[in-house]
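> Any chance you could fold what I've pasted below:
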Amino acid sequence: MKKHYFGTDGIRGRVGDAPITPDFMLKLGWAAGRVFRETWGSRPTVIIGKDTRVSGYMFESALEAGLVAAGANVKLLGPMPTPAVALMTRTQNAAAGIVISASHNPFYDNGIKFFSDQGAKLSDVTELAIEAAIEAPLVTVDPSELGKATRLVDAAGRYIEFCKATFGEERSLRGLKVVIDCAHGATYHIAPSVFSELGAEADIVAASPDGYNINDNVGSTSTRALSERVRAVGADLGIAFDGDGDRVVFVDDQGVLVDGDELLYILTMHRVATGRADSGVVGTLMSNMGLELALAEHGIKLERAKVGDRHVKELMQKQGWHLGGESSGHLICSDVSTTGDGIVSALQVLAAMVDGKKSLRELLAGMVKLPQVLLNVPVTASMNLDSPAIQAVTQQVEEALLGRGRLLLRPSGTEPVIRVMVEGDSLEEIQAHAQHVADVLTAAA
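From the prediction side, this is the model:
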């Protein structure tokens, strides 16, 4: 069955436009509570966390009311990173966790992500059951069966200690100067404590959320300010999280971006050096071919999943591998965390630096990225990727690359755009190819 509301990363959209409205969130909370109650019995516990968007308070209240009306207990975390909600869901023996966030999107967007009792994304079966329940009339349980809502006041401290424990007691960040960009998002009160308590000299930026400035020219999608800060203060590196804290990218001491593909290479090589490497790692269709070639030199395979952390995790589980990630910085180290976790992934990279006594640039010496161009073309209702014109230009570009690169057309799972990605040896050549394809897509709309 086709899902109507759930996409590749939960339910997301512009606040005020259906389904990102208070009335829908009330019904969604009730529908989810009803499904969890059927599975878990009377008064299942559901954890709710959120990022720092102003609309989060509105949707938190609506979800809470719906869940309680369905007979579910609610534990409110307040602003917390997405992976922290996954952790609290597991450690609190909850039936599910809910995150109110639109990740790296601007403040005017918001969305809902669910976690299972194991801290993983919900199964398709459960999501379909929730969607079916949404269509039923909202009926409040008997007053004697109503759920209760409480606030988990020590959640931040618990998550900080968890993150620190993944770094290893034998290691320290003493002597390392690092700039931390919290994107005015959910890591603003977590990341500063984690890195400073591990010994780093931490210079904190973008950690003053006001409800509207989340991801606003800061964070993992906009690292220019971070790069400038690293150079200005003479830091060893910079670390940027996204609004909900499940993604991370670095910049080196010169302010040069180190993206998710490069971080995945560092993590893999650290595990090779310490004898913990699997036979392969999971990337996505967007992963740079340079990563694939660099891993192959060490006998490590790169398997490509569809874009989206859910697909990466599913392929990791199928292969029995523990590392996977996306170019955007959504990295999964399943040997230390159940889901993508920006802070934990950053600490794993820093552990590679500490153990190898090398800088970021030194750790990347074995990987050379191929030039890659990515363009976004707005989607229209009439756009058809199977049209003759689009098929013709696709064939033309693929023949021109002659096996020296790749062309990928992919509808975004989080934005109303088609992503055009071209990869190859010559930047000038692939820029021309990408623009040509984008022009054909626009004309065909």
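
> elements contacting the helix or strand where residue 195 lies?
Taking DSSP states H and E as the criterion, residue 195 maps to helix 191-197. Applying 3 or more C-beta pairs under 8 Å, 6 or more residues apart in numbering; DSSP states H and E, one finds that helix 191-197 makes contact with helix 155-167, strand 177-181, strand 201-205, strand 237-241, helix 342-356. The C-beta positions use only the backbone N, C-alpha and C, and glycine is treated the same way.

> can you redo those as JSON lines with mean pLDDT and mean neighbour count?
Shown next, in JSON lines, are the helices and strands packed on helix 191-197 (pLDDT from 0 to 100; neighbours: other C-beta atoms under 10 Å):
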{"stretch": "helix 155-167", "mean pLDDT": "97", "mean neighbour count": "19"}
{"stretch": "strand 177-181", "mean pLDDT": "98", "mean neighbour count": "24"}
{"stretch": "strand 201-205", "mean pLDDT": "98", "mean neighbour count": "18"}
{"stretch": "strand 237-241", "mean pLDDT": "98", "mean neighbour count": "29"}
{"stretch": "helix 342-356", "mean pLDDT": "98", "mean neighbour count": "24"}
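
> Looking at the ones you listed, spot the one closest to residue 88.
Evaluated over the helices and strands packed on helix 191-197, closeness to residue 88 peaks at helix 155-167, with 5.7 Å, by C-beta to C-beta.

> quick one, that closest one and helix 342-356 angle?
Here helix 155-167 runs at an angle of 30 degrees relative to helix 342-356 (axes from the mean of the first three to the mean of the last three C-alpha atoms, to 10 degrees).

> contact partners of helix 155-167?
Residues outside helix 155-167 that contact it (C-beta atoms under 8 Å, 6 or more residues apart in numbering): 49, 77-78, 80-81, 84, 87-88, 91, 189-190, 193-194, 197-198, 336-337, 341, 343-344, 347-348, 350-351.

> Out of the helices and strands packed on helix 191-197, the one nearest residue 249 is which?
Across the helices and strands packed on helix 191-197, residue 249 has its closest neighbour in strand 237-241 (5.3 Å, C-beta to C-beta).

> Neighbouring strands of whatever helix or strand comes next after the closest one in the sheet, and parallel or not?
Downstream of strand 237-241, the first helix or strand assigned by DSSP H and E is strand 248-251. Its sheet considered, strand 248-251 pairs with strand 237-241 (antiparallel), strand 257-258 (antiparallel) by DSSP bridges.

> now strand 248-251: mean pLDDT?
Mean pLDDT, computed over strand 248-251, is 98.

> if we can go back for a sec, ChimeraX command for the buried members of the contacts of helix 155-167?
In ChimeraX syntax, the buried subset of the contacts of helix 155-167 is picked out as below (16 or more other C-beta atoms under 10 Å):
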select :49,77,78,80,81,84,87,88,189,190,193,194,198,336,337,341,343,344,347,348,350,351
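
> Where does pLDDT dip in the stretch 51-200 of the chain?
Within the stretch 51-200 of the chain, not a single segment meets pLDDT under 70.

> Which parts of this structure are helices?
22-40, 56-69, 82-91, 124-134, 155-167, 191-197, 224-233, 260-273, 289-296, 309-319, 342-356, 360-363, 388-401, 427-444 (DSSP state H).

> Let's have those in TSV, adding distance to residue 147.
As requested, the helices of the chain are exported to TSV (distance: least, C-beta to C-beta, whole Å):
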stretch	distance to residue 147
helix 22-40	7
helix 56-69	4
helix 82-91	16
helix 124-134	16
helix 155-167	19
helix 191-197	32
helix 224-233	42
helix 260-273	39
helix 289-296	46
helix 309-319	28
helix 342-356	31
helix 360-363	48
helix 388-401	50
helix 427-444	48
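
> for the strands paired with strand 248-251, which one sits closest to residue 25?
Closest to residue 25 of the strands paired with strand 248-251, according to C-beta to C-beta: strand 237-241, at 25.4 Å.

> how distant is the closest one from the center of its chain?
Remark: strand 237-241 is offset 15 Å from the chain centroid, using C-alpha atoms, centre = their mean, to the nearest Å.

> now do stretch 8-15
Relative to the chain's own centre, stretch 8-15 is displaced by 13 Å; criterion: C-alpha atoms, centre = their mean.

> what residues does that stretch touch?
By C-beta under 8 Å, 6+ apart, stretch 8-15 touches 5, 19-20, 28, 55, 99, 102-103, 105, 108-114, 307-311, 413-414.

> Repeat that for stretch 363-373.
Applying C-beta under 8 Å, 6+ apart, the external contacts of stretch 363-373 come out as 258, 261-262, 265-266, 269, 288-291, 293-294, 297, 352-353, 356, 405, 421-427, 430-431, 433-434.

> let's go with 7 Å and repeat that
Stretch 363-373 is contacted from outside by 258, 261-262, 265-266, 269, 288-291, 294, 352-353, 356, 421-427, 430-431, 434, using C-beta atoms under 7 Å, 6 or more residues apart in numbering.

> which of those are buried?
With neighbours counted by 16+ other C-beta under 10 Å, the contacts of stretch 363-373 contain buried members at 258, 261-262, 265-266, 269, 288-291, 294, 352-353, 421-424, 430, 434.

> circling back to that earlier point, include distance to residue 182 when you put the strands paired with strand 248-251 into JSON lines, please.
Listed next are these as JSON lines, based on distance: least, C-beta to C-beta, whole Å:
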{"stretch": "strand 237-241", "distance to residue 182": "6"}
{"stretch": "strand 257-258", "distance to residue 182": "18"}
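
> re earlier: ranking the helices of the chain by burial, who's on top?
Each of the helices of the chain was scored by mean neighbour count; the highest is helix 82-91, a mean of 26, by mean count of other C-beta atoms under 10 Å.

> any idea how far residue 391 lies from residue 398?
Going from residue 391 to residue 398 by C-beta to C-beta, to the nearest Å gives 11 Å.

> what does residue 339 give?
Counting by C-beta to C-beta, the gap from residue 339 to residue 398 is 35 Å.

> which ones are touching residue 352?
Per C-beta under 7 Å, 6+ apart, neighbours of residue 352: 266-267, 270, 363.

> Can you tell me which of those residues is closest to residue 231?
Residue 231 lies nearest to residue 363 out of the contacts of residue 352, by C-beta to C-beta, at 19.8 Å.

> any idea how far the closest one is from residue 20?
In terms of C-beta to C-beta, residue 363 sits 41 Å off from residue 20.

> The spatially closest residue to residue 258 that is not a sequence neighbour: how many residues sit nearby?
Closest residue in space to residue 258, ignoring its immediate chain neighbours: residue 250 at 4.1 Å, by C-beta to C-beta, 6 or more residues apart in numbering. Applying other C-beta atoms under 10 Å, we find 26 residues neighbouring residue 250.

> surely residue 250 meets residue 360?
Yes. Under the criterion of C-beta atoms under 7 Å, residue 250 makes contact with residue 360 at 6.2 Å.

> which residues do the two both contact?
The contact sets of residue 250 and residue 360 overlap at 237, 258 (C-beta under 7 Å, 6+ apart).

> Give me the average confidence score over stretch 388-405.
In this model, stretch 388-405 has a mean pLDDT of 88.
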